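1. just coords:
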């Protein structure tokens with residue numbers, strides 16, 4: 001193992017960095033992506049703060065990785081291994097952020113997970129992970145006799161499907177606004193804001209533009225019915241999508257919900273249509289009834305996955 005390694009978890013809202021030293025993870029520092037024009041600007045500040053000679057890095061990025069280069073899907077940053085070596089002398093490995101979360105699954109303890117329905121994990125079967133945050137990530141941990149095999153994907157950009165006329169009208173609004181109504185357009189922080197606007201438009205109402213955090217707050221106190229319906233619809237869409245992911249990967253090892261939103265709405269999510277919609281797949285209801293679903297509440301699961309790559 002390299003003794004000191006820079007680890008990074010780079011999302012569209014926050015970039016988080018930490019140092020791993022001899023297997024121990026140091027303090028995680030967070031930087032707001034919007035405050036820095038380039039990835040290397042934020043990284044330079046972190047490296048200056050730690051005042052340590054670092055030669056290796058493993059970085060998870062919220063976007064597709066091609067030839068060790070990735071552009072954030074929902075921001076302008078580009079993370080390039082060649083640039084990191086020429087600028088900082090860092091030999092970097094770049095992976096998808098949900099590859100890192102998938103790698104963390106065998107390392108999570110019972111207190112890192114909150115179950116929401118389903119049966120027991122079938123050991124030796126695939127585990128699927130998905131997560132609404134700024135975007136919607138999807139990956140799968142498949143079993144291997146030698147080492148874990150991760151299937152990364154851009155499943156969050158698959159087409160969003162409705163299950164009733166009202167949802168069809170909401171999707172029609174999203175299609176009119178974006179051209180393609182992907183799952184991420186509804187199941188993410190920005191998606192929650194889109195749902196709020198869509199519900200108001202469907203009902204012919206004129207509203208402001210509250211943030212996802214404001215919508216969530218109003219929904220949890222139920223002092224705004226549009227916000228309440230938006231969060232309720234968010235959970236329903238999340239359940240349908242998670243069930244689709246379970247079927248796609250044959251995830252008898254469980255479906256794990258990551259990201260920053262779900263831990264904040266745990267009680268609401270548990271009471272919502274999430275699990276009912278997860279299982280509501282016609283002839284395959286009994287198949288999905290046996291698949292457990294969990295919310296990951298570990299604050300730095302991606303870093304656990306990154307650490308597992310250091311050997």
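-> Sure, I can see it. Keep in mind it's a predicted model, so treat the numbers as computed, not measured. Numbering: from 1, shown residues only.
2. once you drop chain neighbours, what's closest to residue 96?
-> Spatial nearest neighbour of residue 96, chain neighbours left out: residue 152 (4.5 Å); criterion: C-beta to C-beta, 6 or more residues apart in numbering. C-beta here means a position set from N, CA and C on the backbone, and glycine is covered the same way.
3. actually, residue 180.
-> Going by C-beta to C-beta, 6+ apart, residue 180 has residue 159 as its nearest residue, at 7.1 Å.
4. specify the beta-bridge partners of that neighbour.
-> Residue 159 has these beta-bridge partners by DSSP bridges: residue 182.
5. isn't residue 156 up against residue 134?
-> No. Using C-beta atoms under 8 Å, residue 156 makes no contact with residue 134, being 10.8 Å away.
6. in this protein, which spans are helices?
-> With DSSP state H, the ranges of helices along the chain come out as 39-50, 81-88, 97-104, 165-178, 189-202, 212-221, 225-249, 266-271, 274-279, 285-289, 301-307.
7. please work out which of these is packed deepest.
-> Mean neighbour count (mean count of other C-beta atoms under 10 Å) peaks for helix 97-104 among the helices of the chain, with a mean of 28.
8. which ones are touching the closest residue to residue 18 other than its chain neighbours?
-> Of all residues not flanking residue 18 in the chain, residue 28 sits nearest, at 4.5 Å (C-beta to C-beta, 6+ apart). Contact partners of residue 28, counting by C-beta atoms under 8 Å, 6 or more residues apart in numbering, are 16-18, 300, 303.
9. quick one: which of the helices of the chain is nearest residue 11?
-> Residue 11 lies closest to helix 97-104 among the helices of the chain, at 6.7 Å (C-beta to C-beta).
10. what's in contact with that closest one?
-> By C-beta under 8 Å, 6+ apart, helix 97-104 touches 9-11, 60-62, 127, 129-131, 137-141, 148, 150, 152-153, 256, 258, 296, 298, 301-306, 308-309.
11. just the buried residues from those residues, in ChimeraX please.
-> In ChimeraX syntax, the buried subset of the contacts of helix 97-104 is picked out as below (16 or more other C-beta atoms under 10 Å):
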select :9,10,11,60,61,62,127,129,130,131,137,138,139,140,141,150,152,153,256,258,296,298,301,302,303,304,305,306,308
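12. that older thread, wait, the residue nearest to residue 180 sits on residue 183?
-> Yes. Between residue 159 and residue 183 there is a contact under C-beta under 8 Å: 7.4 Å.
13. tell me which of these two has more neighbours.
-> Higher neighbour count among residue 159 and residue 183: residue 183, with 25 against 11, using other C-beta atoms under 10 Å.
14. from residue 244, how far out is the more buried one?
-> Residue 183 sits 9 Å away from residue 244, taking C-beta to C-beta, to the nearest Å as the criterion.
15. what do these two both touch?
-> residue 158.
16. before we move on, back to that, any idea which of the contacts of residue 28 is closest to residue 114?
-> residue 300 (16.5 Å).
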